[in-house]
Structures are given as C-alpha cells and as structure tokens.
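A.B. asks: I'll drop the sequence and a predicted model, then ask my questions.
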Amino acid sequence: MKFFKVLFFLLCVTATLTVCAQSSEQLKRQRDKYNQELEALTREYNATLNNKKATIKQLNILKAQINLREKKITNINAEVRNLSSQIAENTNTVHSLQQQLDQLRKEYEAMVLFAYRNKSGYNKLMFIFAAKDFNQAYKRLKYLQEFASYRKRQAQYIEEKQKELHVYIVRLDRTKDEKNHLLLDQEKEKENLGKQRSDQQLVVKDLSKQEGQLKTAQKDIQRKIVATDRAIRAAISREIAEARRREEEAAKARAAAAAAAAKAANKEAPAPAAPVARKTTSEVLNSTPEAAALSSNFLGNRGRLPWPVTSGQIIQGFGTNTVEGIKVDNDGIDIRTSAGATVRAVFEGEVSSVSDILGSYLVIIRHGEYFTAYSNLKSTNVSKGQKVSTKQIIGSAATDAATGETLVSFKVYKGQTSVNPEIWLANR
C-alpha cells in the first residue's frame with residue numbers, strides 16, 4: 001500500500017512539472033517575441049535620432065517600446081511565479097525522496113545486520129533442519145533465497161533513488177539560476193522603462209513647440225478616419241441592399257413560376273402568399289448556400305486568421321483609446337509595419353469595394369455575412385467583384401509623409417456591426 005502511495009505522489013509531481021514546463025515554454029517564446037520587437041523598434045528609433053527635431057514618429061516608437069517593455073515585465077513576473085512554483089515542487093520532491101532514501105537505508109542496514117548474524121552456512125542449515133516437516137523446511141529454504149534476492153533489489157532501489165535525488169537537486173539548482181537571471185533581466189527592463197519614459201517627456205516637450213502643425217496633422221488624420229468609416233458602412237449597406245433586392249426578385253420569380261405552372265395545368269392560381277416578416281441582415285447575407293458556407297468557415301477560423309501584414313505591432317486597439325489625453329473610438333486595430341509592406345487578405349472572399357479615401361486606398365472584402373476592411377494602402381492590385389484567396393496580396397501599406405510612420409488599419413464586421421479583430425487573428 002505504501003508503495004502505491006509513493007507512486008501516486010511521484011505521478012502527481014511529474015504531471016504538475018509537465019504543465020509548468022509547457023507554461024514556461026510558452027512564456028519563454030512570448031519573451032523572445034517581445035525581445036525581437038523591441039530590437040526592431042530600437043533600430044527604427046535610432047534611425048530617427050539623425051533628425052534634430054523631435055517627430056511624432058519618435059514619440060509613437062517610444063510609446064510602442066514602453067508598452068512592449070511593460071508587457072515583457074508582466075511576462076517575466078509570470079515566468080518568475082512559474083519558476084517559484086517549480087522550485088517549491090522540486091524542493092518538496094527532494095525532501096520526499098530524501099525521507100524515502102533514509103527509510104530505505106535503515107531497512108537495508110537492518111537486513112545487513114540480520115544477514116551478518118546468520119552469515120555462516122551452519123546457521124542456515126540449522127535453520128532449515130530445525131523445521132517440523134519437509135514442507136516447512138522447503139518454505140524456510142525459499143525464504144532464505146527470497147531474502148537474499150530482496151536484499152539485492154533493495155540495494156539497487158537505493159542506488160536508483162540516489163540517482164533520482166541527484167537529478168532533482170540538479171534541476172532545482174538550475175531552476176534557481178534561471179529565476180535569478182530573470183530577476184536581473186527584470187531589473188534591467190525596469191531601468192530601460194524609466195529611461196524611455198524620461199525620453200518620452202522630452203520628446204513631448206519638444207513636440208509641444210510644434211503644436212500648430214501637430215493639430216493640423218491630427219485633424220487630417222481624424223478627417224481620414226471619419227471618411228474611411230463612412231465609406232465602409234456605405235459599402236456594407238450597399239451589399240445588404242443588393243442582397244435583399246436579389247432575394248426579393250427571386251421570391252417574385254418563384255411566385256410567377258408557380259402561377260404560370262397552375263395556369264398551364266388549368267388550375268386556379270395559388271392564393272397570394274401572406275406577407276412574411278422582413279428578413280434579418282444575417283439571413284439576407286446568408287441567403288445562398290455559398291454565402292452561408294463562407295460565413296460558417298470564416299466563423300470557424302476565429303482566432304486562427306493570418307495577420308493582414310507579415311510583421312508589425314498593434315499600436316491602437318479596438319474600442320476607446322486615449323491619444324494625448326483625447327478619447328478616440330476605433331472600430332478596428334491600427335498596425336505599425338515596415339515601409340512598403342505588402343497587405344494580404346486574411347480569408348477567402350470577394351472584393352466588395354476598392355476606393356480612394358483622401359489619398360490612400362480602402363479595400364473591403366466580403367466573406368458571407370462577414371466583412372474585412374483594409375485601409376491606408378498606398379496601392380492595390382485587386383478590383384471590385386474579384387475573388388481572393390487567404391493570404392493573397394491585395395496591396396501595399398502607405399507611409400505618412402508627416403509622421404514617417406507606416407500604418408495599416410484593419411477592421412472586421414459582422415453585417416454592419418464592428419467586432420474586435422484581435423480575437424479573430426492568430427497568436428504570433
């Protein structure tokens with residue numbers, strides 16, 4: 001019974017450590033991703049330092065770096081907690097194995113002492129011949145043989161436990177070292193975070209001297225955002241109206257066909273159908289089997305869609321954001337990417353609209369009852385009505401001449417309702 005308890009304990013510890021190890025690997029990959037993004041931002045920021053005058057691009061890069069460092073510090077905290085848990089588990093395992101080893105040694109010492117006292121062949125023979133009958137003598141002989149075999153197995157078991165204990169001690173020391181390195185990295189990131197916050201204040205102070213120019217640039221950006229949102233909603237409304245018109249025409253055609261068939265058969269024309277309730281937007285957009293299947297496939301890939309650009313960071317998320325103390329509502333996400341980056345469709349569908357919005361392009365793709373919108377494109381290579389496939393290049397990102405930033409705005413709609421694009425995109 002004791003053996004099974006020990007086995008159950010070791011299985012539980014192994015399972016716990018496996019879960020921790022998986023979690024640790026995920027956290028390490030996330031930390032490596034943050035490091036790569038921080039290195040890219042640092043290179044980009046250093047390139048802007050040649051400009052003696054502070055720019056909006058410098059400020060936005062600093063904000064992105066600060067945001068990433070805060071995320072990395074949070075990630076490190078999670079790693080440290082994970083490692084502390086592993087250290088506690090390994091420490092408990094080491095103590096348990098040490099207690100088991102001590103108990104095994106005591107039992108083995110008792111067996112060795114017993115064997116020493118009965119080491120002579122004469123004593124063994126006397127023990128056998130003192131039996132009452134042959135059956136008892138045979139059992140005593142088997143006992144001596146099994147005792148010798150058991151003692152050998154115990155010696156091997158002690159050796160195995162010693163090796164296992166050594167493995168856990170080494171693992172414990174390695175985990176402690178890893179935790180110490182992480183804590184040093186955390187302190188370094190906090191120091192860098194403080195420095196970049198100071199740099200941010202200096203850039204803001206410098207930019208405040210250009211307040212007039214910045215306000216003008218901000219108005220232009222806001223005007224472009226409003227125009228883009230208006231164009232997206234107008235395009236989706238047209239799609240819904242067109243789908244509703246086709247559905248109504250199809251219903252009239254079916255009624256006319258039924259009346260013609262009745263007349264040909266010399267039967268009374270069927271009575272006019274009772275008015276039916278107006279179909280919902282979802283029903284209209286999914287009125288054909290192809291559209292319904294595309295909607296279902298798009299929904300089934302939520303959380304797994306590729307990003308519209310191969311590399312970049314989200315600098316403004318979905319919903320209400322605060323930009324320089326001003327609240328801004330965003331129906332999508334804004335992704336900073338490299339100059340001239342290609343923009344691609346996140347899922348198969350049909351191009352619903354391509355339009356020029358104040359000097360940059362907007363592409364809208366329909367996926368059944370879902371729509372994806374890609375704005376701030378420098379150029380496009382698709383046209384209205386064209387079928388596109390997943391990851392097909394639809395254009396290239398535009399770089400703002402005033403700020404020097406290359407941004408792509410990405411939005412997802414279910415009908416006319418905007419939804420958070422981040423929950424649809426795959427983790428990177």
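C.D. replies: Thanks, I have the structure now. Residues are numbered from 1 along each chain as shown.

A.B. asks: how close does residue 74 get to residue 81?
C.D. replies: 11 Å (C-beta to C-beta, to the nearest Å). For glycine as for every other residue, the C-beta is placed from the backbone atoms N, C-alpha and C.

A.B. asks: ok, longest strand in the chain?
C.D. replies: strand 370-380 (DSSP state E).

A.B. asks: contacts for that strand?
C.D. replies: When contacts are defined by C-beta atoms under 8 Å, 6 or more residues apart in numbering, strand 370-380 is touched by residues 228, 232, 236, 239, 295, 298-299, 308, 332, 340, 343, 345-347, 349, 352, 354, 357, 360-365, 394-399, 407-414.

A.B. asks: next step: these restricted to helices.
C.D. replies: Taking DSSP state H as the definition of helices, the contacts of strand 370-380 contribute 228, 232, 236, 239, 295, 298, 299.

A.B. asks: strands of the chain, start to end?
C.D. replies: 313-316, 319-323, 326-330, 333-336, 342-344, 349-357, 360-367, 370-380, 387-388, 393-397, 407-414, 417-419.

A.B. asks: out of those strands, nearest to residue 142?
C.D. replies: Among the strands of the chain, the nearest to residue 142 by C-beta to C-beta is strand 313-316 (74.7 Å).

A.B. asks: the spatially closest residue to residue 171 that is not a sequence neighbour and residue 179: what is the separation?
C.D. replies: Nearest residue to residue 171, sequence neighbours excluded (C-beta to C-beta, 6 or more residues apart in numbering): residue 90, at 5.7 Å. Distance of residue 90 to residue 179, computed by C-beta to C-beta: 12 Å.

A.B. asks: pick out whichever of the two has more residues nearby.
C.D. replies: Each of residue 90 and residue 179 has its neighbours counted (other C-beta atoms under 10 Å); residue 90 has more, 23 against 18.

A.B. asks: report the separation between the more buried one and residue 81.
C.D. replies: The value you get for residue 90 to residue 81, if C-beta to C-beta is used, is 15 Å.

A.B. asks: how about residue 313?
C.D. replies: From residue 313 over to residue 81 (counting by C-beta to C-beta), the distance is 26 Å.

A.B. asks: mind checking which of these two has more residues around it?
C.D. replies: residue 313 (17 against 13).

A.B. asks: quick check: that one vs residue 71, distance?
C.D. replies: From residue 313 over to residue 71 the distance is 10 Å, taken as C-beta to C-beta.

A.B. asks: the residue nearest to residue 171 reaches residue 167, doesn't it?
C.D. replies: No. When contacts are counted by C-beta atoms under 8 Å, residue 90 is not listed as touching residue 167 (10.0 Å).

A.B. asks: how is this structure carved up into domains?
C.D. replies: Annotated domains of the chain cover 2-207, 301-423 [automatic domain parsing].

A.B. asks: and of those domains, who's closest to residue 252?
C.D. replies: Checking these against residue 252 by C-beta to C-beta gives domain 301-423 as the closest, at 23.2 Å.

A.B. asks: can you get me the start-to-end distance on the closest one?
C.D. replies: Using C-alpha to C-alpha, to the nearest Å, one end of domain 301-423 lies 10 Å from the other.

A.B. asks: so which residues of this protein form helices?
C.D. replies: Secondary structure of the chain (DSSP H): helices at 2-48, 56-117, 121-129, 134-207, 211-264, 281-285, 289-300.

A.B. asks: what's the shortest one packed up against?
C.D. replies: With contacts defined as 3 or more C-beta pairs under 8 Å, 6 or more residues apart in numbering; DSSP states H and E, helix 281-285 has these neighbours: helix 211-264.

A.B. asks: what mean pLDDT does the helix it packs on have?
C.D. replies: In this model, helix 211-264 carries a mean pLDDT of 76.

A.B. asks: now do it: distance to the chain's middle.
C.D. replies: Here helix 211-264 is found 34 Å from its chain centre; the criterion is C-alpha atoms, centre = their mean, to the nearest Å.

A.B. asks: quick one: residue 346 and residue 390 touch, right?
C.D. replies: Yes. Contact criterion C-beta under 8 Å: residue 346 and residue 390 qualify, at 7.0 Å.

A.B. asks: who's more crowded, those two?
C.D. replies: Under the criterion of other C-beta under 10 Å, the comparison of residue 346 against residue 390 puts residue 346 first, with 26 against 13.

A.B. asks: list the residues that contact that one.
C.D. replies: 305, 306, 307, 308, 372, 390, 391, 410, 424, 425 are the contacts of residue 346 under C-beta under 8 Å, 6+ apart.

A.B. asks: which of the residues you listed has the most neighbours?
C.D. replies: residue 308 (27 neighbours).
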